[in-house]
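> Provided below are the primary sequence and the corresponding predicted coordinates.
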Amino acid sequence: MSLVKTKQRVADHGEVFTPEWMVEAMLDLVKDESERIDSRFLEPACGSGNFLVQVLKRKLVAVQCKFGKSDFEKQHYALLALMCIYGIELLADNIAECRANMLEILADYLNLDESDDFYRAASHVLSQGVIGVRLKTQSRPRRIWIVFYLTQTIKTKTG
Ligand SMILES: C[S@@+](CC[C@H](N)C(=O)[O-])C[C@H]1O[C@@H](n2cnc3c(N)ncnc32)[C@H](O)[C@@H]1O
């Protein structure tokens with residue numbers, strides 16, 4: 001994948017994407033957190049999701065290790081993993097790509113198609129978690145609000 005879309009976008013928005021090897025190396029600096037299903041990640045200026053996609057992949061490996069034997073748990077913990085990842089980005093096409101890239105990873109993992117409830121739930125989660133915002137500029141600081149999902153797991157007794 002090219003790390004630059006156009007020279008104009010680099011000049012206007014500083015848009016240069018991070019290569020996968022560097023993303024991996026940086027995530028290794030917080031390896032335990034990147035592999036924990038319910039650790040929260042927020043990336044300001046997330047572009048098309050080079051970091052967020054890799055975080056999701058790592059979390060899904062953890063889901064597979066812990067809950068791979070149960071479809072029910074696999075689905076729920078995969079959705080939980082997605083609910084813990086947040087992105088902010090200025091450009092609409094990047095937001096759309098970021099959401100689509102993450103949705104594809106989740107859908108592939110869970111074998112979902114567009115008519116599945118979980119696909120629609122994941123799509124909604126991404127619409128709330130990966131958002132279009134112009135972050136602070138030097139001339140006009142601003143305050144933004146992001147609603148974090150309540151992602152605490154609840155233990156239940158059965159039988
Ligand atoms: C250097 S790129 C990094 C993209 C991604 N984090 C990566 O590492 O691949 C910076 C990103 O910030 C976005 N951006 C630039 N100015 C912004 C602003 N004021 N608010 C939010 N996002 C902005 C650009 O559109 C671009 O996608």
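The structure has been received and is ready for your questions.
> going forward, measure contacts and count neighbours with C-alpha atoms only.
Fine.
> any bit of the strand or helix carrying W21 sitting next to the ligand?
Element membership of W21 [criterion: DSSP states H and E] is helix 20-28. No - judged by C-alpha under 6 Å from any ligand atom, helix 20-28 stays clear of the ligand, getting no closer than 7.6 Å.
> Which strands or helices does that helix pack on?
helix 50-67 (3 or more C-alpha pairs under 8 Å, 6 or more residues apart in numbering; DSSP states H and E).
> tell me what the helix it packs on is packed against?
Secondary-structure packing of helix 50-67 (3+ C-alpha pairs under 8 Å, 6+ apart): helix 20-28, helix 31-34, strand 41-44, helix 71-83, strand 85-89, helix 92-110.
> make it 6 Å
Here helix 50-67 touches no other helix or strand, going by 3 or more C-alpha pairs under 6 Å, 6 or more residues apart in numbering; DSSP states H and E.
> what angle separates it from helix 20-28?
Helix 50-67 runs at 60 degrees relative to helix 20-28, counting by axes from the mean of the first three to the mean of the last three C-alpha atoms, to 10 degrees.
> buried residues in helix 50-67?
50-64, 67 (16 or more other C-alpha atoms under 10 Å).
> can you check stretch 22-40 too?
Here stretch 22-40 shows 23-24, 27, 33-40 as buried, counting by 16+ other C-alpha under 10 Å.
> do stretch 109-123 as well
Quick answer for stretch 109-123 (16+ other C-alpha under 10 Å): 109-110, 112, 118-119, 122-123.
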